[in-house]
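Asks: Let's see this in three dimensions:
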Amino acid sequence: MNKSELITGLSKKENLTERQATDVVNQIFKDFHNKLKSGGRIEVRGFGSFVVRKYKAYTGRNPKTGGTIQVAPKKLPFFKVGKELRERVDSK
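Replies: Down below sits the predicted model:
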């Protein structure tokens, strides 16, 4: 599923216009982005949680040249699947 399929599904299920559904989805993503950027955590019961993981700087390897490079510290979003979703996907 991609963003446009999510918007279409929401508009049909909730009897919204495409514009209204787009606004809802965009607002949810914007709030998720702002929460993660501020160092917060997002938890959707039965689905999973999003957190930001911090990685220290390290010495890496340039695959093209084989030379070493310094990789700067970074923060990346991380998703941990919830128990209920894991069980639903794994059920036969």
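Asks: Name the residues that touch the longest helix seen in the chain?
Replies: Once the chain is assigned using DSSP state H, the helix that runs over the most residues is helix 18-37. Contact with helix 18-37 is made by 3, 6-8, 10-11, 14, 16, 41-42, 50-52, 77, as judged by CB atoms under 8 Å, 6 or more residues apart in numbering. Where C-beta positions appear, they are placed from N, C-alpha and C, glycine not excepted.
Asks: same for the helix or strand following that helix, what does it pack against?
Replies: Moving toward the C-terminus from helix 18-37, the next helix or strand (DSSP states H and E) is strand 42-44. Judged by 3 or more CB pairs under 8 Å, 6 or more residues apart in numbering; DSSP states H and E, strand 42-44 is in contact with helix 18-37, strand 48-55.
Asks: mind listing what's buried in the longest helix of the chain?
Replies: Ala21, Thr22, Val24, Val25, Leu36 (16 or more other CB atoms under 10 Å).
Asks: Put together a markdown table for these, with pLDDT and distance to Gln70 on each row.
Replies: As requested, the buried residues of helix 18-37 are exported to a markdown table (pLDDT from 0 to 100; distance: CB to CB, whole Å):
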| residue | pLDDT | distance to Gln70 |
| --- | --- | --- |
| Ala21 | 97 | 45 |
| Thr22 | 97 | 42 |
| Val24 | 97 | 43 |
| Val25 | 97 | 39 |
| Leu36 | 96 | 26 |
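Asks: Let me know the closest of the residues you listed to Pro63.
Replies: Nearest to Pro63 among the buried residues of helix 18-37, counting by CB to CB, is Leu36 at 29.1 Å.
Asks: how close does Leu85 get to Gly60?
Replies: Counting by CB to CB, to the nearest Å, the separation of Leu85 from Gly60 is 33 Å.
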